[in-house]
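# Everything below, folded, please.
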Amino acid sequence: MIFDFSTIMVLLVAASGAIWGIDAWLFRPRRIERAAGTEVGDPMLVDYARSFFPIFLIVLILRAFLVEPFRIRYPEDPSTPFIKRVVGLPGDQITYKEKRLRINGVQVPYDDAGTYVGVKSAVMHTGAQKLVEHLDGQAHDLLVTPRAYSFDWEGTVPPDSYFVLGDNRDNSRDSRFWGFVPNENLIGRAFMIWMNWDNGPDLKRIGTRIK
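I've put the predicted structure just below:
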């Protein structure tokens, strides 16, 4: 059995609900009877189950009907979800040259945001140039490495397809390497970082909104 996020949440809901329910139906009445009217507490396991059951259930419902968490992975396998930025729509002429993006012959505006200083596993990118790219009225942060080779590309996005790029432009496998993304492969829009693990959880990034 493959224990993905959905499977884990279903098991947590079932386990916490079963512990809470069985205790409420079978064991707690006996504890109250033995206590003879005095205040009675619950075992720690039952207390945890009662506290976490509604949380697990809400997350499962949200996951099933509204939002879905994904891990970012290199898309060798089309069945593996991944996150990239859509920069080219059907019919757009895309040019990526000398680390700058042009759409239909017009260069996307950029602001220089200084030099990047990485921490933990990102320390290898220290010294890269931070840019703010203004794409369709939305500003988002990029990294480019001036000394790195520029993976240039030019072409027209075909019907029912999209051209995507990573925001770490010189360290991203994206449409420049594996081509266009067909419409049927799109899942949805990423809007929040639900977990960031880099030799341990990075609490500062958890819950961060994705632009």
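# So which residues make contact with the longest helix seen in the chain?
The longest helix of the chain (DSSP state H) is helix 44-65. Residues outside helix 44-65 that contact it (CB atoms under 8 Å, 6 or more residues apart in numbering): 5-6, 9-10, 12-13, 15-17, 19-20, 23, 28, 42, 69. Glycine gets a C-beta too; all of them are placed from N, C-alpha and C.
# pull the CA atoms of it into PDB?
Output of helix 44-65 as PDB, limited to C-alpha atoms (Å, rounded to 0.1, in the frame of the first residue of the first chain):
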ATOM      1  CA  MET A  44      -4.200  11.100  27.900                       C
ATOM      2  CA  LEU A  45      -4.700   9.100  24.700                       C
ATOM      3  CA  VAL A  46      -8.400   9.700  24.700                       C
ATOM      4  CA  ASP A  47      -7.900  13.400  25.400                       C
ATOM      5  CA  TYR A  48      -5.500  13.700  22.400                       C
ATOM      6  CA  ALA A  49      -7.900  11.800  20.200                       C
ATOM      7  CA  ARG A  50     -10.800  14.000  21.100                       C
ATOM      8  CA  SER A  51      -8.700  17.200  20.500                       C
ATOM      9  CA  PHE A  52      -7.200  16.100  17.200                       C
ATOM     10  CA  PHE A  53     -10.200  14.300  15.600                       C
ATOM     11  CA  PRO A  54     -12.000  17.500  14.400                       C
ATOM     12  CA  ILE A  55      -8.700  18.900  13.100                       C
ATOM     13  CA  PHE A  56      -7.900  15.800  11.200                       C
ATOM     14  CA  LEU A  57     -11.500  15.700   9.800                       C
ATOM     15  CA  ILE A  58     -11.400  19.300   8.700                       C
ATOM     16  CA  VAL A  59      -8.100  18.900   6.900                       C
ATOM     17  CA  LEU A  60      -9.400  15.700   5.200                       C
ATOM     18  CA  ILE A  61     -12.600  17.500   4.000                       C
ATOM     19  CA  LEU A  62     -10.600  20.600   2.800                       C
ATOM     20  CA  ARG A  63      -8.200  18.200   1.000                       C
ATOM     21  CA  ALA A  64     -11.000  16.400  -0.700                       C
ATOM     22  CA  PHE A  65     -13.100  19.300  -1.800                       C
END
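# buried ones in that helix?
Residues 46, 49-50, 52-53, 56, 59-60 are the ones in helix 44-65 that count as buried (16 or more other CB atoms under 10 Å).
# Take those residues and lay them out in TSV including distance to Arg73.
Shown next, in TSV, are the buried residues of helix 44-65 (distance: CB to CB, whole Å):
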residue	distance to Arg73
Val46	38
Ala49	33
Arg50	36
Phe52	29
Phe53	31
Phe56	25
Val59	22
Leu60	23
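# just these now: which is nearest Trp153?
Closest approach between the buried residues of helix 44-65 and Trp153, by CB to CB: Val59, at 39.4 Å.
# Show the low-confidence segments of the chain, by residue range.
By pLDDT under 70, the low-scoring segments of the chain are 1-6, 37, 63-72, 74-79, 191-207, 209, 211.
# all strands of it, in order?
85-88, 93-97, 100-103, 106-107, 110-115, 129-135, 138-144, 153-156, 161-165, 181-182 (DSSP state E).
# most tightly surrounded among those strands?
Most buried of these by mean neighbour count (mean count of other CB atoms under 10 Å) is strand 161-165; its value is a mean of 22.
# Residues touching it, excluding its own?
84-90, 92, 94, 96, 101, 155, 157, 172, 174-176, 180-183, 186.
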